[in-house]
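S.K.: model the structure of this input:
(2 chains)
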2 protein chains.
Amino acid sequence: MHCRLKAFYLVRSDARSIEARARAIAVEQSVEMPVAAIDDTFVLAEIVGQVEAITEKQAGQFEVCIALAAETVGNDPGQLLNMLFGNSSLQDDVLLHDVVLPAVIEESFGGPGHGLEVMRRRVGACARALTGSVLKPQGLPSRKLADLAARFASGGIDYIKDDHGLADQAYSPFHARIEAVMGALRSVEASTGQHAHYVPSLSGDLDDMRRQIAHAAATGVDTVMVAPMIMGWSNFRRIVQENPGVAFIAHPSMAGAGRIAPPLLLGKLFRLLGADAVVFPNHGGRFGYTPDTCRAIACEALREREGLRPCVPVPAGGMSTARVAEMLGFYGADVMLLIGGALLEARAHLTQATAAFVAKVHGYPYDRGKATTC
Amino acid sequence: MHCRLKAFYLVRSDARSIEARARAIAVEQSVEMPVAAIDDTFVLAEIVGQVEAITEKQAGQFEVCIALAAETVGNDPGQLLNMLFGNSSLQDDVLLHDVVLPAVIEESFGGPGHGLEVMRRRVGACARALTGSVLKPQGLPSRKLADLAARFASGGIDYIKDDHGLADQAYSPFHARIEAVMGALRSVEASTGQHAHYVPSLSGDLDDMRRQIAHAAATGVDTVMVAPMIMGWSNFRRIVQENPGVAFIAHPSMAGAGRIAPPLLLGKLFRLLGADAVVFPNHGGRFGYTPDTCRAIACEALREREGLRPCVPVPAGGMSTARVAEMLGFYGADVMLLIGGALLEARAHLTQATAAFVAKVHGYPYDRGKATTC
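M.R.: Sure thing, here's the model as predicted:
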């Protein structure tokens, strides 16, 4: 028996049909042809997907575990996605629920190059939660975005990321934006000692991103944001490997509609591909994720796994300073709290609003024993 | 008023809430922050998404038209996807239903470099439907795949594509596969005059794909297959632009789960990005698309649009020779019929089964006036 990965699907079916449906998924995600027409012994023994288990989860819903040969992935992240859910994504009775990968694939993907500890160390936060905010709205010229960055930095924030809508648009081109924001942050540091880390968002094709990251790194940027579902997984891993000095924050754009369980996609798989931190919609904000889903995402991002650094959970999407204590009670210290719009609403008082958010995070009575239960 | 694109969403809502929900989507997909906190006049006038229309489609479902500034896209296909559905993909009451793009974006994306006419001309099919089959299962060594290709070619098939599961795996590495298959096809052509076109599937990151396509083109390949949702739209367009001599068949892997209407995604947008042909699940096969959905996909692929070549619809997924007449009656002549597994089931009689399929397509009494009604 060669090395196999296990994919767990949730399938809507009646009890009478589930065995046949499970076998059909196993075929769809492997050889994609009638098994009876295959005579190659290697293919029959190793490549045809095997139904390993079928478990009724609730009336009309089954968990199906299918084993697929690791060789079908060929160490390519895009091909992993293709093998896990490519064609089944077209069938609306199936959700991809979980994946267990063999060590050979996990090692070849590698996970975060930095992870929680480096994201902490870079901002001198040994034990507390990290703080972040967002440059927006898109449409502002670079100098106005830089002015916002300066005010966030003056308020003591750790990380300032681009809104994921900021790309390489005429009104704030990537290179000009980097220069303006990094210049503003250097001025703040010179005058106040506050050192915030700017996290620009990469866009375009792989070569565009290479140019962007090279320019950003040359200007002193050490963290960038990417959207793995838009850039493609193979390109994500490539750029992570090419830039070992840079930390990557993964954004969930286009990641929610995929009928792939959010803890698997955002927590486990984005981490495996190299996300040092992952943004996800917190419960009670503008998105519909439940507390259980959010806890599960954070757990997958942080869970102790051999050879894989932990990835910082970044719950976001309509958060406010009023929720800091509640969120830290829920997530513990191993988290980055990201507040964007609610700080920007302070307008002229942005620095003070940021300082108030930062003070709440710094002053929270962290109980190191009471982290999120995974 | 600057140039705008229009995005149409289907939103699940009650009548009382829909106006607020529509405004929230407009904000989510543009500035992503409280509008009250924005004072920049350009952003307020041009960048904040505008709700243009709300139409009740059925009880509890509304179509919402939102106008977004074309400048937010910055001519980048990945950013277009991000702007259309990035964050809203995380909200399960919203589907992306249709998009109308301004000419400036359509022109910059460019559409198919070849399209239907070239796909026809290359195989000498002036008016009939095109025929295609598939090399599979994955797991076979290159020489066995090449043997299948030779038999498809001997049967007179036009196009032979890789199964989308074939990547760059140890059991049939891309380069060895190309050499073996193209060698086999040259032998068939030398002995029978039958010239089939091999369509290998590209995988990996952008650089991997560049190496693959260069090697394939050097071996005589003129058509390749890609999965735009796995490689990323920006990389898809890049590789189309870099290879003007190559035709591209788009595969729908990972395209079905996105809560993006299939006619929009597979028909309109894949074509706009440069797909010369697009594979999609035909009704009555292994996938749940309805006849209406399939007709709408074919219409979007073929619809006359200024400056955009038509894209060949390739309905597939469990088709058989028995369905040829029915499918040609449904789709007309502007289609490629793709039969994989059902031909492979003929095993030792694969050439004869292919010839029978080809004969049915060639012999069909096409009524040029009666194409698919769009």
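
S.K.: and the stretch 51-200 of chain A, which of its residues are near chain B?
M.R.: Residues of the stretch 51-200 of chain A lying close to chain B (CB under 8 Å from any CB of the partner chain) are A:69, A:71-74, A:76, A:78-79, A:81-83, A:85-87, A:89-93, A:136-140, A:144, A:163-165, A:167-171. All C-beta spots, glycine's among them, are computed from the backbone N, C-alpha and C.

S.K.: now, which of the residues you listed lie within strands?
M.R.: Residues of those located in strands (DSSP state E): A:A69.

S.K.: any chance you could map the strands in the stretch 201-350 of chain A?
M.R.: Under the criterion DSSP state E, counting those that start in this stretch, strands of the stretch 201-350 of chain A are mapped to A:223-226, A:247-250, A:277-281, A:312-316, A:336-338.

S.K.: nearest to chain B, of these?
M.R.: Comparing the strands of the stretch 201-350 of chain A against chain B with CB to the nearest CB, the closest turns out to be strand A:277-281 (5.4 Å).

S.K.: so what strands line up beside the closest one?
M.R.: Here strand A:277-281 has these sheet partners by DSSP bridges: strand A:247-250 (parallel), strand A:312-316 (parallel).

S.K.: and the gap between the residue nearest to A:L202 when sequence neighbours are not counted and A:V246?
M.R.: Computed as CB to CB, 6 or more residues apart in numbering or on different chains, the closest residue to A:L202 that is not its neighbour in sequence is A:M209, at 4.4 Å. To A:V246, A:M209 is 11 Å away according to CB to CB, to the nearest Å.

S.K.: which one of those two is surrounded by more residues?
M.R.: A direct count of neighbours by other CB atoms under 10 Å in any protein chain shown for A:M209 and A:V246 places A:M209 higher, at 26 against 18.

S.K.: filter the residues of the stretch 51-200 of chain A next to chain B down to the buried ones and express that as a PyMOL selection.
M.R.: Buried residues within those, by 16 or more other CB atoms under 10 Å in any protein chain shown, are selected in PyMOL with:
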select buried, chain A and resi 69+71+72+73+74+76+78+79+81+82+83+85+86+87+89+90+91+136+137+138+139+140+144+163+164+165+167+168+169+171
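
S.K.: so which of the residues of the stretch 51-200 of chain A next to chain B sit within helices?
M.R.: Among those, DSSP state H puts A:78-79, A:81-83, A:85, A:144 in helices.

S.K.: format those as TSV; extra columns: distance to A:E345 and pLDDT.
M.R.: TSV is the format used below for those (distance: CB to CB, whole Å; pLDDT from 0 to 100):
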residue	distance to A:E345	pLDDT
A:G78	40	91
A:Q79	44	92
A:L81	38	90
A:N82	43	90
A:M83	45	91
A:F85	39	87
A:K144	16	97
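
S.K.: and A:A36, how many neighbours?
M.R.: Other residues lying near A:A36 total 9 when counted by other CB under 10 Å.

S.K.: I'd say it and B:R347 touch.
M.R.: No - using CB atoms under 8 Å, A:A36 makes no contact with B:R347, being 9.3 Å away.

S.K.: can you redo the ones in helices among the residues of the stretch 51-200 of chain A next to chain B as JSON lines with distance to A:A359?
M.R.: Below are those laid out as JSON lines (distance: CB to CB, whole Å):
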{"residue": "A:G78", "distance to A:A359": "44"}
{"residue": "A:Q79", "distance to A:A359": "47"}
{"residue": "A:L81", "distance to A:A359": "42"}
{"residue": "A:N82", "distance to A:A359": "47"}
{"residue": "A:M83", "distance to A:A359": "48"}
{"residue": "A:F85", "distance to A:A359": "44"}
{"residue": "A:K144", "distance to A:A359": "26"}
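
S.K.: contacts only, for A:A261.
M.R.: Residues counted as contacts of A:A261 (CB atoms under 8 Å, 6 or more residues apart in numbering or on different chains) are A:95-98.

S.K.: possible to save these as JSON lines with distance to A:V118?
M.R.: Listed next are the contacts of A:A261 as JSON lines, based on distance: CB to CB, whole Å:
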{"residue": "A:L95", "distance to A:V118": "34"}
{"residue": "A:L96", "distance to A:V118": "30"}
{"residue": "A:H97", "distance to A:V118": "31"}
{"residue": "A:D98", "distance to A:V118": "28"}
